[in-house]
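Engineer: Show me the folded form of this:
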Amino acid sequence: MGVFICWSGVGSSSHQLARILSERIPEILQNADVFLSENDIGPGRAWMEDLRKALKENRFGILCVTPENKGNLWIHFEAGSLWKGDESTRVCPLLFKMNRTDITGPLAQLQAVEFEKSQFFRLICEVNEHGSEKQIDESLLQKAFDRVWSDLEADASKIEEQSTAPLKPRDVESMVEEILEIVRSLQANRQTNPIITKAIQDATADLRPAAMQSYNQWAVEGGILKSPSYPPPFPPRGSSDKAEEYPKE
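Structural biologist: Numbering: from 1, shown residues only. Below is the predicted model of the structure:
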């Protein structure tokens, strides 16, 4: 049992908040085992395997959701891996500089809390009940929380937002490789749930035509295909038409 803190984007607001939580939650709940990937996966380790093992454990998941990453695929992936659709786990989006009405899609299915004192205390109470091996009395929990909250709030107030300058577009190959890595991990877990499934479908649907174009170019240059006319492209998104059969030589 323990607390799994989810974040995305190195140096982002989500990442900074995750670091703060990993330091402050143990000050409130001394028995809580907090997992933060950058702290608990050592150099040289197979990070995806370690992450997969941590996700399989019965942990309380806290998703650090900000305006920057509310639609991020990785957050959806970790949320889906943690959520097993039963009472053994809890997954809670923690909204930083956001309201509940700001989240849509699969994450909206989860009961979220905003980063303010009363709602965060409710979250800590849930962690005490479901994410800690040894629970502490609520009155003692309230005292510990009140003692730490001012420091936690002060730390969060120093979080710097990422630059709003437009990002350089990623190339198709790197995006496809990232999607494939996530899909393979999902298959290895042998878990099926709506949060992961919808996130993967939404992400890959728009990439398929570009991925096929990239494949054709690579295959022609490598001498695998004579021309880029086949394999044929995927049907348009939402189309019920099937792709034509591969032409026979």
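
Engineer: all contacts plus neighbour counts: C-alpha atoms, from now on.
Structural biologist: Fine.

Engineer: Now P26: closest residue in space that isn't a chain neighbour?
Structural biologist: Once flanking residues are discounted, P26 sits nearest to A32: 6.0 Å by Cα to Cα, 6 or more residues apart in numbering.

Engineer: nope, T66 is what I meant
Structural biologist: F96 (5.2 Å).

Engineer: State the pLDDT value of the one you found.
Structural biologist: pLDDT, F96: 96.

Engineer: number of nearby residues for it?
Structural biologist: F96 is flanked by 18 other residues according to other Cα atoms under 10 Å.

Engineer: pretty sure it is touching F115, no?
Structural biologist: Yes. Using Cα atoms under 8 Å, F96 is in contact with F115, at 5.5 Å.

Engineer: tell me the secondary structure for I159?
Structural biologist: Here I159 is recorded as coil under DSSP: H, G, I helix; E, B strand; the rest coil.

Engineer: So what's the residue count around the closest residue to S132 other than its chain neighbours?
Structural biologist: Nearest residue to S132, sequence neighbours excluded (Cα to Cα, 6+ apart): A32, at 5.0 Å. Per other Cα under 10 Å, the neighbour tally for A32 reads 20.

Engineer: try K97
Structural biologist: The burial count assigned to K97 is 13, neighbours taken as other Cα under 10 Å.

Engineer: quick one, phi psi at the closest residue to it other than its chain neighbours?
Structural biologist: Of all residues not flanking K97 in the chain, T66 sits nearest, at 6.5 Å (Cα to Cα, 6+ apart). T66 has phi and psi values of phi -130, psi 170 when expressed as degrees, to the nearest 10.

Engineer: Thought N99 was touching T66, still the case?
Structural biologist: No. At 9.8 Å, T66 does not count as touching N99 under the criterion of Cα under 8 Å.
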